[in-house]
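**Student:** here's a sequence, model it:
(2 chains)
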Amino acid sequence: MTGRWIGVVLAAAAVCAASGCAAVSERRDAATAATAHFEKALRARRYAAACAVLAPTTREELARSARVTCEEAMGQEEVPAGGAVRHVDVYGNQARAVLTRDTVFLSRFPGGWKVTAAGCQERPEKPYRCGIKGG
Amino acid sequence: MSRPGRPAGEGAPRTEPPRSFLRDNGLGLAFGAGFLLTLLGQALAGHAEFNGQLLDEGLAPVGLGGYVTSSDFAVDVTENWQSEYLQFFLFVFVTVWLVQRGSPESKAPHKAGTESDEEQMVGAYAAEDSPRWARARGWRRSVYARSLGLVMGAVFLLSWLAQSITGAAAHNERQLRELQAPDSWGAYLLLPDFWDRTLQNWQSELLAVASMAVLSVYLRQRGSPESKPVGAAHTSTGVEG
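**Tutor:** Coordinates of the predicted model:
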């Protein structure tokens, strides 16, 4: 194999690996849709629907810390209406959706993208402070 | 078969064994097969490790196919590739000028440099069976005369670039799992993760080359072309067994 072909293979492998060998745009669209679905449910106070979009550990942690069901806990939480999705970063099976007034983190599960943390505010040199997150 | 009156095996001259593809390519085939097996082993071990981390964080595990096409696997592979090709690139280029007296990995001290056309069998000094570009003039001879180092250097640079791209993606995937903002590729190049992955591999490759160059002055491996003949003097340089 010549150096040129080795280069082509390596470059293709790098691009493929960086993208997870799947259409990044498709995953970004799916993460955006999950975020919009979560936000819409929150705005409509349909907490069962919002809980259905949460990742399992996030849902469990929310219910455990409030000692009520996820739906009840969601009603008690101060999760702001996030507004429109400004942009979504996707790396592998993880995503961050930056909204007008909120930031939401998501992870891909067999059933689709789920929210792992919401009501998040950025802090310099530290992880986001989130109103809802897993344990 | 040994000659009468001579010790069996080790002192007897050998006839050329019959040629076959496997015998003629044993070194490349054995190392190529070893590469594929160890890459598979790395994929299986890395997959288990990666999924262990995901499960600990309450996230969904990935299948083996998903893992081997992930940036996490790619960065682990390419960080080792780049350092290995850097090692060979440096070894090929640096040994043109630097010598190690007594080492079979070095040429004789008086031959330091690119040597004459006659010694290198190029141009008018090319033999009948010399490669065509060794007889050619101009850029083709110049390129061919450096082709081994150039290819090693190109693969090193491409592997390092691939490490940086996949490393940034893997780093950002971890950042998002830890509820932190992702970094750009340019910012990642300045982060400790990139340089830790890079330098931990470089130091081991440079140590291996340095120790091989020096240890082969005094130690022998009978029958190996990487060693001097067992009875060769410690001071003899550029002699392979």
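
**Student:** which phi and psi does the most centrally placed residue in chain B have?
**Tutor:** The C-alpha lying nearest the average C-alpha coordinate of chain B belongs to residue B:84 (CA atoms, centre = their mean; 4.1 Å). Torsion angles at residue B:84 (phi, psi; degrees, to the nearest 10) stand at phi -70, psi -40.

**Student:** which non-adjacent residue is nearest it?
**Tutor:** Of all residues not flanking residue B:84 in the chain, residue B:205 sits nearest, at 6.8 Å (CB to CB, 6 or more residues apart in numbering or on different chains). In short, each C-beta sits where N, CA and C put it, glycine included.

**Student:** before we move on, what about residue A:54?
**Tutor:** In space, and not counting its chain neighbours, residue A:54 is closest to residue A:115: 5.2 Å by CB to CB, 6+ apart.

**Student:** and the helix or strand hosting the one you found, what does it pack against?
**Tutor:** Assigned by DSSP states H and E, residue A:115 belongs to strand A:112-123. When contacts are defined as 3 or more CB pairs under 8 Å, 6 or more residues apart in numbering or on different chains; DSSP states H and E, strand A:112-123 sits against helix A:24-43, helix A:56-66, strand A:103-109, strand A:126-133.

**Student:** among those, which comes closest to chain B?
**Tutor:** helix A:56-66 (3.0 Å; CB to the nearest CB).

**Student:** which other residues reach that closest one?
**Tutor:** Residues from elsewhere that reach helix A:56-66 (CB atoms under 8 Å, 6 or more residues apart in numbering or on different chains): A:51, A:54, A:69-70, A:72-74, A:76-77, A:109, A:114-117, A:132-135, B:57-58.

**Student:** if we can go back for a sec, can you tell me which helices and strands the helix or strand that the residue nearest to residue B:84 is a member of packs against?
**Tutor:** Using DSSP H and E, residue B:205 maps to helix B:192-218. Applying 3+ CB pairs under 8 Å, 6+ apart, one finds that helix B:192-218 makes contact with helix B:71-97, helix B:147-177.

**Student:** could you list the low-confidence segments of the chain?
**Tutor:** You didn't say which chain, so I picked chain A. Scanning chain A for pLDDT under 70 picks out A:1-22.

**Student:** that's the wrong chain, I meant chain B
**Tutor:** B:1-14, B:241.

**Student:** residue numbers of it in contact with chain A?
**Tutor:** Contact residues (CB under 8 Å from any CB of the partner chain) of chain B with chain A: B:57-60, B:62, B:66, B:69-75, B:78, B:150-151, B:154-155, B:158-159, B:161-162, B:165-166, B:168-170, B:172-173, B:175-182.

**Student:** the same query, at a cut-off of 7 Å, please.
**Tutor:** For chain B, the contact set with chain A under CB under 7 Å from any CB of the partner chain comprises B:58-60, B:62, B:69-71, B:74, B:150-151, B:154-155, B:158-159, B:161-162, B:165-166, B:169, B:172-173, B:176-182.

**Student:** no more questions from me, cheers.
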